[in-house]
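Participant: Any chance you can model this:
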Amino acid sequence: MHFRFSSSAVVAAFVFASSSSCALAWDYEGHRNVNSLALAGLPAEFPAFVRAPEAAERIAFLSGEPDRWRNVADLPVRHANAPDHYLDLEYLTEAGLTLAGLSEFRHVYTEQFAAGRAAHPEYFPAIDPEKNKDHTRELVGYLPWAIVEHYGKLKSAFSYLKAFEEAGTPEEIANARANIIYLMGVMGHYVGDGAQPLHTTKHHNGWVGDNPHGYTTWNKFHAWIDGGFPAKAGVSFGELAPRARPARILGAAPQPGAPAPARDPIFSDVLAYLENQHAQVEPLYALDKAGGLKADGVPAAIAGGKAFIEEQQLRGGEMLASLWLTAWRTAPLDVYLRARLAERSGAITGK
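Facilitator: Down below sits the predicted model:
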């Protein structure tokens, strides 16, 4: 498949993307869209400080932060950061794993996958050490764990904010709120990654292996979906904002007398979200084959490609808003911190 580009800026974007050892998900503008759509989807009762113009801008800015961590060659950073951006679901199947059987604990899952990989060497050829300096080739991604771990940290931040709002200083309250803004922004990056279907598949840089439908094998396909095509098609927050979807509470409410769930319901919801986006991988390739993602395609076809990208960013915004809302609604008061603050207050007043 051949592409012709009418913009030198698009070509420059490809050069930048191909210079990275790891594919990005959405360009910065796309990640900003997801975070901003999530803010637009929050209910009126959500803490108002996140909607202040400077806070909203920081949340949007931080949507790009985990990609900025890729700008250094330090191998420990690359090892820790790169796999958090994806989960290649086909490799789980090849290792004999199912989504239903995955542990919610990152390191337990690592053991699960390592055992499955060892049991099915026919699907996992030997790794060339020279191409694995950061020791990520033996991994197939940690995206859902990155999301739920940030969710837990955000829930914690809402918990201690409640305590500081009861008995903290103005500076402590301001710092707690700043932490929430930071966590909301960075967490949004990973949820946005999940909304880009190519971050859920081994076909992330063109179709690999058996290809009976003749889908593109172009190794810049990922970069084109991240930013080249959305820029060409004019995907913008201004057009998407009126269509922002409202947040919902995640996690099934426990039924009276029912046993505790086998694993964290939020983790299950995140896996379901990623599985739903994975279902869009082949439709995305089929859309490309039909001309809906070509730089010089016919307007009607390009409109279909634009609608696909917009739908994915809207899905990302909805899921992110729902995670934010659930973290806030379910965060308990940090009673330990409240007790310490009460002791401090008593010491200050001499009681």
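Participant: Could you list every helix and strand in contact with the longest helix seen in the chain?
Facilitator: Looking only at the chain and at elements set by DSSP state H, the helix with the highest residue count is helix 299-330. Packing contacts for helix 299-330, counted by 3 or more C-beta pairs under 8 Å, 6 or more residues apart in numbering; DSSP states H and E, involve helix 28-40, helix 143-167, helix 170-195, helix 229-233, helix 237-240, helix 265-278, helix 281-289. No exception for glycine: its C-beta is placed from N, CA and C like everyone else's.
Participant: how much does it deviate in direction from helix 170-195?
Facilitator: Orientation check (axes from the mean of the first three to the mean of the last three C-alpha atoms, to 10 degrees): helix 299-330 against helix 170-195 gives 140 degrees.
Participant: which stretches of the stretch 1-150 of the chain have low pLDDT?
Facilitator: In the prediction, the stretch 1-150 of the chain carries residues with pLDDT under 70 at positions 1-25.
Participant: mind listing the helices for it?
Facilitator: Counting by DSSP state H, counting those that start in this stretch, the stretch 1-150 of the chain has these helices, from start to end: 8-19, 28-40, 53-62, 65-68, 75-81, 89-94, 106-119, 143-167.
Participant: Looking at those helices, which is nearest to residue 132?
Facilitator: helix 75-81 (10.1 Å; C-beta to C-beta).
Participant: For the closest one, buried residues please.
Facilitator: If you call a residue buried by 16 or more other C-beta atoms under 10 Å, then helix 75-81 has these buried ones: 78, 81.
Participant: and if you look at stretch 308-323?
Facilitator: Along stretch 308-323, these residues count as buried under the neighbour rule (16+ other C-beta under 10 Å): 308-310, 312-323.
Participant: From those, pick the one nearest residue 164.
Facilitator: Of the buried residues of stretch 308-323, the one sitting nearest to residue 164 (C-beta to C-beta) turns out to be residue 323, at 22.5 Å.
Participant: which residues does that closest one contact?
Facilitator: Contact analysis of residue 323 by C-beta atoms under 8 Å, 6 or more residues apart in numbering lists 147, 151, 154, 187, 191, 250, 266.
Participant: Look up phi and psi at residue 206.
Facilitator: Dihedral pair for residue 206: phi 100, psi 150, per degrees, to the nearest 10.
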